[in-house]
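1. A structural model of the following input is requested.
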Amino acid sequence: MSKTTWLEANVFVDEFGRDYNLSDVPMTYMKRKVAFQKRGYSQKKIDELWQEALKKQQEFNNGR
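-> Numbering: from 1, shown residues only. So this is what the prediction gives:
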């Protein structure tokens, strides 16, 4: 998976781009990139999350 594909994937979040929780804010689907923008994440933070996701995907593919 490329970083662009990862950022363009739809995620289930609240209207403010936050992860699923039990708040009374309506939930919706939006692109991961938009959710990160709504959260105010810096490019450095997004890069860190991408590296973490990539590592998890590689571990999954290797059966760990």
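2. Counting by contacts, list what the helix or strand encompassing residue 48 packs against.
-> Element membership for residue 48, per DSSP states H and E: helix 43-61. Helix 43-61 sits against helix 3-8, helix 32-39, with contacts defined as 3 or more CB pairs under 8 Å, 6 or more residues apart in numbering; DSSP states H and E. Bear in mind the C-beta positions are built from the backbone N, C-alpha and C, glycine included.
3. Of those, which stretch is the most buried?
-> Mean neighbour count (mean count of other CB atoms under 10 Å) peaks for helix 32-39 among the helices and strands packed on helix 43-61, with a mean of 17.
4. contacts for that helix?
-> 6-11, 13, 16-18, 45-46, 49 (CB atoms under 8 Å, 6 or more residues apart in numbering).
5. Would you mind checking these for buried ones?
-> For the contacts of helix 32-39, a neighbour count by 16 or more other CB atoms under 10 Å gives the buried set as 6, 7, 11, 13, 17, 46.
6. can you list these in a markdown table and add distance to residue 30?
-> Below are these laid out as a markdown table (distance: CB to CB, whole Å):
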| residue | distance to residue 30 |
| --- | --- |
| 6 | 14 |
| 7 | 12 |
| 11 | 7 |
| 13 | 6 |
| 17 | 7 |
| 46 | 15 |
